[in-house]
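Engineer: Predicted coordinates and the sequence they were generated for:
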Amino acid sequence: MTYDTGFVRNGSNSREVFDLSRVEEELAIIRTELNCNAVHIVGSDPERLEAAAQFAAKLGLEIWFSPYPLEQTLDQILAVFADCAERAERLRQGGADVVFVAGVELSVMNRGFIEGDDVTARLGRLFAVPEERQERLAEVSRRLNAFLADAVTVIRERFQGAVTYASIQFEAVDWELFDFVTVELIRSAAVADIFRSSVRTLVTQQSKPVAITGFGSATWRGAGDMAPRSMEIIENDPTTGAP
């Protein structure tokens, strides 16, 4: 189960109110009513991530501690990872079972990998010209893996547990850097006929454990058919990102 602590974009947090009693209650629901044994705690604020993870640890949940930077530079991302790695290590030393997730879909969500001022512009540039697509994808992969090598060094200097990265498949991540192969892999009508076999293939082709951290869809009727794009039903403020 993924638990959202709020995403910061242009100084605005998508979860304006972060009430700790509510957070504790929601995590208890995840553990006791949904019967989960692990929680992927995501968000942009390191303090919120740590606070939620402390509640999760008390509940006996395995914690996937997952800073989620948006529209950050590479140096800013590294600073966030360093801070979060220290927080995750404190939890681990306190007895919690913690996996550190070194970002999610970094290449499209942040600056420095693909030209463009926002996600839409980056994806447009990446896929606009079919004959240039493979070359562009290869360049994105090269830049991302170079950055992830630096990031893993920063993280492992501060955190002694397992480390992974929540990837988009086209990023072609060098999994030798990590302890888990982790993928955002969402079922939709377009891939429904091959989704199950594709997951099996993904798992059997890896020598490391595989986790799927991106799944599901929005909740309007029919959203499951276009799950990766189902959030497009929401119109967002172009400056703050607020719905």
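Structural biologist: Structure received. Numbering: from 1, shown residues only.

Engineer: Let me see the ranges of the helices in this structure.
Structural biologist: 20-32, 46-58, 74-93, 106-109, 119-127, 133-156, 192-204 (DSSP state H).

Engineer: CSV please, covering these and showing distance to I186.
Structural biologist: Yep, even glycine has a C-beta here, placed from its N, CA and C like the rest. Converted to CSV, the helices of the chain look like this (distance: least, Cβ to Cβ, whole Å):
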stretch, distance to I186
helix 20-32, 20
helix 46-58, 23
helix 74-93, 24
helix 106-109, 14
helix 119-127, 15
helix 133-156, 19
helix 192-204, 9
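
Engineer: weakest of those in terms of mean pLDDT?
Structural biologist: Of all those, the minimum mean pLDDT falls on helix 119-127 (a mean of 85).

Engineer: will you turn the helices of the chain into TSV that also has mean neighbour count and distance to T2?
Structural biologist: Shown next, in TSV, are the helices of the chain (neighbours: other Cβ atoms under 10 Å; distance: least, Cβ to Cβ, whole Å):
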stretch	mean neighbour count	distance to T2
helix 20-32	15	10
helix 46-58	21	11
helix 74-93	19	16
helix 106-109	22	15
helix 119-127	15	19
helix 133-156	16	20
helix 192-204	12	18
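
Engineer: Of the ones you listed, which is nearest E176?
Structural biologist: Nearest of the helices of the chain to E176, taken as Cβ to Cβ: helix 133-156 at 9.8 Å.

Engineer: Extract the C-alpha trace of that closest one and format it as PDB.
Structural biologist: Taking C-alpha atoms only, helix 133-156 is exported to PDB below (Å, rounded to 0.1, in the frame of the first residue of the first chain):
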ATOM      1  CA  ARG A 133      13.100   8.100 -29.800                       C
ATOM      2  CA  GLN A 134      15.700   5.400 -29.200                       C
ATOM      3  CA  GLU A 135      18.600   7.900 -29.200                       C
ATOM      4  CA  ARG A 136      16.700  10.100 -26.700                       C
ATOM      5  CA  LEU A 137      15.800   7.200 -24.500                       C
ATOM      6  CA  ALA A 138      19.400   6.000 -24.500                       C
ATOM      7  CA  GLU A 139      20.600   9.500 -23.500                       C
ATOM      8  CA  VAL A 140      18.100   9.700 -20.700                       C
ATOM      9  CA  SER A 141      19.200   6.300 -19.400                       C
ATOM     10  CA  ARG A 142      22.800   7.400 -19.500                       C
ATOM     11  CA  ARG A 143      22.200  10.500 -17.500                       C
ATOM     12  CA  LEU A 144      19.900   8.800 -15.000                       C
ATOM     13  CA  ASN A 145      22.300   6.000 -14.300                       C
ATOM     14  CA  ALA A 146      25.200   8.400 -13.800                       C
ATOM     15  CA  PHE A 147      23.100  10.300 -11.300                       C
ATOM     16  CA  LEU A 148      21.800   7.200  -9.500                       C
ATOM     17  CA  ALA A 149      25.400   6.000  -9.000                       C
ATOM     18  CA  ASP A 150      26.100   9.200  -7.200                       C
ATOM     19  CA  ALA A 151      22.900   9.000  -5.300                       C
ATOM     20  CA  VAL A 152      23.500   5.500  -4.100                       C
ATOM     21  CA  THR A 153      26.900   6.400  -2.800                       C
ATOM     22  CA  VAL A 154      25.400   9.300  -0.800                       C
ATOM     23  CA  ILE A 155      22.600   7.100   0.500                       C
ATOM     24  CA  ARG A 156      24.700   4.100   1.500                       C
END
